[in-house]
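K.L.:
Give me the fold of what follows.
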Amino acid sequence: MNDYLKVVYGEGKRPYTTYPQKLCSYLFNTFNMKKGMRLLEVGCGRGEHLLNFKSLGLDVYGVDISPESVRLQTDISVRISDIENHGIPYDDNLFDIVYSKSFIEHLYYPDRYMKEAYRVLKEGGLFLTLVPDWEANYKIYFDDYTHRTPFTKTSLEDIYSIFGFEKVYVYKFRQLPVVWRHPILNYLCAFISPFIPVRVSYSFLRWSRELMLVGNGRKPFKG
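P.N.:
Residues are numbered from 1 along each chain as shown. You can find the predicted model right below:
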């Protein structure tokens with residue numbers, strides 16, 4: 001069987017871009033991350049986000065199911081694990097931040113991941129999840145046959161709360177850096193999105209219509 005990183009995320013099919021750098025900077029500033037914080041990315045894939053978080057001063061680690069992920073990262077600690085069956089191979093209460101993007105929807109049993117993320121986070125640590133929004137993507141959600149568990153804003157909020165996270169907040173998010181700088185453009189995107197074909201390739205139109213969810217919460221302090 002071919003490795004998913006080589007097939008789905010091969011450079012020929014998905015070339016490297018500056019988007020991960022822009023996204024990591026946005027998240028770093030939005031969630032008040034500080035240099036020296038220890039971050040774990042689950043489902044780190046090619047490691048683009050890890051490299052950019054590292055450049056921002058974070059102490060970064062990764063875990064992925066693909067051995068190719070280790071080969072692609074020579075300067076970052078990446079461990080291989082099937083999270084659903086074998087957990088996250090790091091110690092309890094180790095990380096300030098546990099982060100994933102486009103990962104949790106690939107799990108049959110996302111509850112197992114939630115338990116593991118809670119375990120490896122420090123008290124007060126940030127649990128940050130980016131996942132496609134089912135309501136905005138349902139027509140194309142299963143174009144990726146590895147998608148298993150769709151999430152809505154409500155279900156993501158609920159799973160955070162059920163597994164003990166506090167200060168839970170989930171919001172819808174367009175993957176357009178110009179919208180981050182000029183939020184008023186969200187209104188333009190919302191207006192044109194019903195008229196955009198579901199499988200359009202032009203990036204501005206695609207990301208005007210396809211929304212992500214950004215979920216965040218904190219592991220509570222004991223006592």
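K.L.:
packing partners for the one helix or strand Asn29 maps to?
P.N.:
With elements taken from DSSP states H and E, the one containing Asn29 is helix 19-30. Judged by 3 or more Cβ pairs under 8 Å, 6 or more residues apart in numbering; DSSP states H and E, helix 19-30 is in contact with helix 48-55, helix 177-181. From N, CA and C alone the C-beta is placed, and that goes for glycine too.
K.L.:
again, only this time at 6 Å
P.N.:
Other elements packing on helix 19-30 under the criterion 3 or more Cβ pairs under 6 Å, 6 or more residues apart in numbering; DSSP states H and E are helix 48-55.
K.L.:
How about the helix it packs on, which residues are buried there?
P.N.:
Neighbour-count burial for helix 48-55 flags 48-54 (criterion: 16 or more other Cβ atoms under 10 Å).
K.L.:
can you list those residues in JSON lines and add distance to His147?
P.N.:
Output for these, formatted as JSON lines (distance: Cβ to Cβ, whole Å):
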{"residue": "Glu48", "distance to His147": "21"}
{"residue": "His49", "distance to His147": "20"}
{"residue": "Leu50", "distance to His147": "23"}
{"residue": "Leu51", "distance to His147": "26"}
{"residue": "Asn52", "distance to His147": "25"}
{"residue": "Phe53", "distance to His147": "25"}
{"residue": "Lys54", "distance to His147": "29"}
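K.L.:
from the residues you listed, which is closest to Ser25?
P.N.:
Comparing the buried residues of helix 48-55 against Ser25 with Cβ to Cβ places Asn52 closest, at 7.5 Å.
K.L.:
Would you confirm that that closest one contacts Cys24?
P.N.:
Yes. With contact defined as Cβ atoms under 6 Å, Asn52 reaches Cys24; the gap is 3.9 Å.
K.L.:
and the longest strand along the chain, how far from the chain's centre?
P.N.:
Scanning the chain for the longest strand, with DSSP state E as the assignment, gives strand 121-132. Its chain's C-alpha centre and that of strand 121-132 lie 10 Å apart, by Cα atoms, centre = their mean, to the nearest Å.
K.L.:
Within its sheet, name the partner strands of it and how each one runs.
P.N.:
Strand 121-132 has these partner strands in its sheet, going by DSSP bridges: strand 95-101 (parallel), strand 211-218 (antiparallel).
K.L.:
All the strands of this structure, residue numbers only.
P.N.:
Secondary structure of the chain (DSSP E): strands at 38-42, 59-64, 77-80, 95-101, 121-132, 166-174, 211-218.
K.L.:
Name the surrounding residues that touch the fourth one.
P.N.:
The one in question is strand 95-101. Outside strand 95-101, the residues that touch it by Cβ atoms under 6 Å, 6 or more residues apart in numbering are 37-43, 117, 120-122, 125-130.
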